[in-house]
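In: take this sequence and fold it.
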Amino acid sequence: MVDEHLFNYLNFIDSKKNSLLRFILNDTELETSVPPGTTLLDFIRYRQQLTGTKIGCREGDCGACTVLVGEIKSGSLVYSSATSCLMALGNAQGKHIVTIEGLNGIGLNAIQEAFAAEGATQCGFCTPGFIVSMAGFCLSDHEPSYDKAIDAVNGNICRCTGYKSIERAAAVINRTMGSRNGADPVQFAIDQQLIPAYFSTIPEKLALFKDASLGQTNSESVPKHMGGGTDLYVQQHETIVEETLDFLFDKSHLNGIRQVGDYCEMGGAVTVTDIANSPVFGQYFPKLSKYIKLISSTQIRNMATVAGNFTNASPIGDLTIFFLALDATLVLDNGNGKREIQLRNFYKGYKILDKQPGEIIEAIRFKLPAVGDAFNFEKVCKRTHLDIASVNSALFIKTENGNIVSAGLSAGGVGPTPAYLSRCSEWLIGKSISSELVHALVEMAQAEISPISDARGTEDYKRLLLSQLIKAHFIELYPNLPVQKILHG
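Out: Numbering: from 1, shown residues only. Have a look, this model is predicted:
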């Protein structure tokens, strides 16, 4: 029986007139005029009655609503996992959306069999999300490993089974993947009965969707820009459906990461996963995988964009803190002209940006670290992973002949905006690396921050955390420094 709230919601979206969205849902090609701001989760459950995809937290934390998103990239069909509670229906345009029902065959597939055999399910509420995430692991073009299998379900929470049985199931699935030996991921997964055979027809069908980008949904009013939606839907999932939206996620000029001379340039719609998989970032940030694991979950990384993280203006935005230390520059575009602004000057106050309503972040540009330069990112939160920071920080240092010639220190959670600690950064120039320098920098940083007590910690606690993170930067980057002297003076 449909409740009154849902009845009114469905009547409302029926009243909206929208252009047709076209995508493939499991093995069915669909066209729909449902408002593109509707969450994919609501469309799947209430419009398609595919109730295997569960409603859990509606914040992207539990993974109960996980789906797979397939699209053609560089001529190949690529799948990634996503939390459908935070994904706009408009971002499904031209793609293959796979729910748990789309993974079912005549009997259990090999992933489901492994979960059943290892007792990796109990109440079953979370199980569909785990199965879908494991299917994403099987369809990845990365070399399979047990660690990657476990990492594939890092955004899925089980409330009653216990993770050891899930880990055993993951090990079974990884052993199956061990014989792939470079074979096409989709065809191999079909041959091993990990996914149904209809997946082989998807590339040809998707090729017919020539315009994968939805663009603006209504030209009569000023639109709200939509990237990955991972923050917008947490705050306002019931109201976005009413908005005029300009979908940016799939626009080609807002994607891509490239090296231009000594600089890196990337589009505003680049995701955390794009950064993680980028050869440019991999070359210049050797500890990138460590940093990426501190940022949300696999499903969210697949959706969350750099520009979205910046414009969200959270004082603890992980990517914001990362790129502040690198003194990144933003290219803003209002459709008629472009201007550049340093990221450190982008924040004017709490949630106040130097950005006009019609502007979007088209690109981000920063100078790549040279050989011998030092960079580190640190984060402290209540959980080690998959959590919002209490305090985070990044440090960049360039030295010549033993002296610092350029530096950037950033910190989140210590003021109303993401902080570029300009006085500390400038003070470092001309100094040599030593434990005495570290203690002096810690003291100077305390005078430059203004944390408040809130749910993530008291003011004193946050001051202590930043001090410890600054010490951690130097311990990580300069292992020859005396650790005990840094820690205790």
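
In: got a list of contacts for the top helix by length along the chain?
Out: Identified as the longest helix of the chain according to DSSP state H is helix 459-477. Residues outside helix 459-477 that contact it (C-beta atoms under 8 Å, 6 or more residues apart in numbering): 374-376, 378, 380, 390-393, 395, 397, 409, 411, 413-414, 433, 438, 441-442, 445-446, 449, 451-453, 456-457, 481, 483, 486-487. The way it works is simple: take the backbone N, C-alpha and C, and place the C-beta from them, glycine included.

In: and R423, how close does it get to I321?
Out: Counting by C-beta to C-beta, to the nearest Å, the gap from R423 to I321 is 17 Å.

In: looking at those two, which is more packed in?
Out: Neighbours per residue (other C-beta atoms under 10 Å) separate R423 from I321, with I321 holding more: 27 against 12.

In: so which strand or helix has that one?
Out: helix 318-325 (DSSP states H and E).

In: now that helix: how far from the chain's centre is it?
Out: 14 Å (C-alpha atoms, centre = their mean, to the nearest Å).

In: from the contact counts, what lies against that helix?
Out: helix 306-312, strand 374-380, strand 391-400, strand 403-412, strand 419-420 (3 or more C-beta pairs under 8 Å, 6 or more residues apart in numbering; DSSP states H and E).

In: mind running it again at 10 Å?
Out: helix 272-277, helix 288-293, helix 306-312, strand 360-367, strand 374-380, strand 391-400, strand 403-412, strand 419-420 (3 or more C-beta pairs under 10 Å, 6 or more residues apart in numbering; DSSP states H and E).

In: and the angle for the fifth one with strand 403-412?
Out: Meaning strand 374-380. 20 degrees (axes from the mean of the first three to the mean of the last three C-alpha atoms, to 10 degrees).

In: repeat that for the fourth one.
Out: Relative orientation of strand 360-367 and strand 403-412, computed by the same axes, to 10 degrees: 150 degrees.

In: now do strand 360-367, average pLDDT.
Out: Throughout strand 360-367, pLDDT has a mean value of 98.

In: what comes up buried for it?
Out: The neighbour-count check on strand 360-367 (16 or more other C-beta atoms under 10 Å) flags I360, I361, E362, A363, I364, F366, K367 as buried.

In: direction included, what does the helix or strand where F23 lies pair against?
Out: In the assignment (DSSP H and E), F23 maps to strand 21-25. Strand 21-25 has its sheet partners listed here by DSSP bridges as strand 28-32 (antiparallel), strand 96-98 (parallel).

In: what sits up against the longest one?
Out: By C-beta atoms under 10 Å, 6 or more residues apart in numbering, the residues outside strand 28-32 that reach it are 18, 20-25, 38, 43, 47-48, 89, 92, 96-97, 102, 198, 205-206, 208-209.

In: domain-wise, how is this structure divided?
Out: 13-102+203-247, 105-195, 252-488 (automatic domain parsing).

In: off-centre distance for the second one?
Out: When distances are taken as C-alpha atoms, centre = their mean, domain 105-195 is centred 22 Å away from the chain's centroid.

In: average pLDDT for that domain?
Out: For domain 105-195, mean pLDDT is 93.

In: filter the contacts of helix 459-477 down to the buried ones.
Out: Buried among the contacts of helix 459-477 by 16+ other C-beta under 10 Å: 374-376, 378, 380, 390-393, 395, 397, 409, 411, 413-414, 433, 438, 441-442, 445, 449, 451, 456-457, 481, 486.

In: so where is the stretch 251-400 of the chain shaky, pLDDT-wise?
Out: When residues are selected by pLDDT under 70, none of them lie in the stretch 251-400 of the chain.

In: can you rerun that using 80?
Out: Scanning the stretch 251-400 of the chain for pLDDT under 80 picks out 383-386.

In: if I read this right, I97 contacts C65, doesn't it?
Out: No. Counting by C-beta atoms under 10 Å, I97 stays clear of C65, with 12.0 Å between them.

In: what touches both of the two?
Out: In contact with both I97 and C65: L40, I44, T53, A82, S84, M87, using C-beta under 10 Å, 6+ apart.

In: before we move on, back to that, in JSON lines, list the helices and strands packed on helix 318-325 along with distance to L326.
Out: Listed next are the helices and strands packed on helix 318-325 as JSON lines, based on distance: least, C-beta to C-beta, whole Å:
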{"stretch": "helix 272-277", "distance to L326": "12"}
{"stretch": "helix 288-293", "distance to L326": "12"}
{"stretch": "helix 306-312", "distance to L326": "12"}
{"stretch": "strand 360-367", "distance to L326": "4"}
{"stretch": "strand 374-380", "distance to L326": "7"}
{"stretch": "strand 391-400", "distance to L326": "6"}
{"stretch": "strand 403-412", "distance to L326": "6"}
{"stretch": "strand 419-420", "distance to L326": "10"}
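
In: thinking again about what came up before, mind putting the buried residues of strand 360-367 in JSON lines, distance to F285 included?
Out: JSON lines is the format used below for those (distance: C-beta to C-beta, whole Å):
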{"residue": "I360", "distance to F285": "26"}
{"residue": "I361", "distance to F285": "21"}
{"residue": "E362", "distance to F285": "23"}
{"residue": "A363", "distance to F285": "19"}
{"residue": "I364", "distance to F285": "15"}
{"residue": "F366", "distance to F285": "11"}
{"residue": "K367", "distance to F285": "13"}
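
In: take the shared contacts of I97 and C65 and keep only those in helices.
Out: L40.

In: ok, so of the shared contacts of I97 and C65, who is nearest P144?
Out: For the shared contacts of I97 and C65, the closest approach to P144 (C-beta to C-beta) belongs to A82, at 20.7 Å.

In: residue contacts, the closest one?
Out: A82 touches 40, 60, 65-69, 91-92, 97, 132, 136, 155, 228, 230, 298-300, 302-303, counting by C-beta under 10 Å, 6+ apart.

In: ditto for L386
Out: Counting by C-beta under 10 Å, 6+ apart, L386 makes contact with 60-61, 63, 154-155, 157, 293-298, 300.

In: and it, helix, strand or coil?
Out: Classification of L386 using DSSP: H, G, I helix; E, B strand; the rest coil returns coil.

In: please name the residues that touch K351.
Out: T311, N312, A313, S314, P315, P416, T417.

In: ok, now how distant is the first one from S200?
Out: It stands for T311. Using C-beta to C-beta, we find T311 at a distance of 40 Å from S200.

In: so those two - more neighbours on which side?
Out: Counted by other C-beta under 10 Å, T311 and S200 do not tie: T311 has more neighbours, with 23 against 14.
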